[in-house]
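*Asks:* One predicted model, sequence on top.
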Amino acid sequence: MTIWKREISVDLLNQTSKNTLIEHLNIVYTELGDDYIKATMPVCSFTHQPLGMLHGGASVVLAETLGSLAANFCVNESSYCVGLDINANHIRAMRSGFVVGTAKPIHLGVSTQVWQIDIEDERGRLVCASRLTIAVQQHRKTKSEDKS
């Protein structure tokens, strides 16, 4: 059974990246399942730290991007989701290639969500394990909506 409450597709997800940090880092959504989203990110000069390895902050950007976007597709249109807390354990260094991030929910509550985002190298080895806590908020009604 799917967790998605809004229309969702890989093409739609990639359209949300236009003119954002996600586009700048060449993060591309690649796969969508009933309870997960996957994306890739290159490991190259613009995702490196000064020692020539994947920057931990770039891994966190990938993790929060996947978890936050997934969270927003798990609520109806009267709600929206924002990140509250993220942690990341950097397990393996990378100097080149691509990483693949997979976001899966641990908890989908009314006011909070918790997402596990695992980032792996091209061989399926864990590079970074991240957990993201999300706040579920309600859109505020405009004054004209209050009168109806």
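*Replies:* Nice, thanks for sending it over.
*Asks:* hey, let's count contacts and neighbours off CA atoms from now on
*Replies:* Noted.
*Asks:* What residues of the helix ranked longest in the chain count as buried?
*Replies:* Using DSSP state H, we find that the single longest helix of the chain is helix 56-72. Buried positions in helix 56-72, judged by neighbour count with 16 or more other C-alpha atoms under 10 Å: 56, 58-72.
*Asks:* which of those lies closest to K141?
*Replies:* Nearest to K141 among those is N72, at 18.4 Å by C-alpha to C-alpha.
*Asks:* doesn't S78 make contact with that closest one?
*Replies:* No. Using C-alpha atoms under 8 Å, N72 makes no contact with S78, being 10.6 Å away.
*Asks:* in the sheet, who's paired with L132?
*Replies:* L132 forms beta bridges with I86, W115, as assigned by DSSP bridges.
*Asks:* mind listing what it touches?
*Replies:* 63-64, 67, 83-87, 114-117 (C-alpha atoms under 8 Å, 6 or more residues apart in numbering).
*Asks:* can you check G67 too?
*Replies:* G67 touches 103-104, 115-117, 132, counting by C-alpha under 8 Å, 6+ apart.
*Asks:* separation between it and L21?
*Replies:* 15 Å (C-alpha to C-alpha, to the nearest Å).
*Asks:* Between its first and last residues, what's the separation in stretch 44-53?
*Replies:* 8 Å.
*Asks:* List the buried residues of it.
*Replies:* So, applying 16+ other C-alpha under 10 Å, buried residues of stretch 44-53: 44, 47-48, 52-53.
*Asks:* Any chance you could list what contacts it?
*Replies:* Residues outside stretch 44-53 that contact it (C-alpha under 8 Å, 6+ apart) are 25, 43, 54-56, 58, 93-97.
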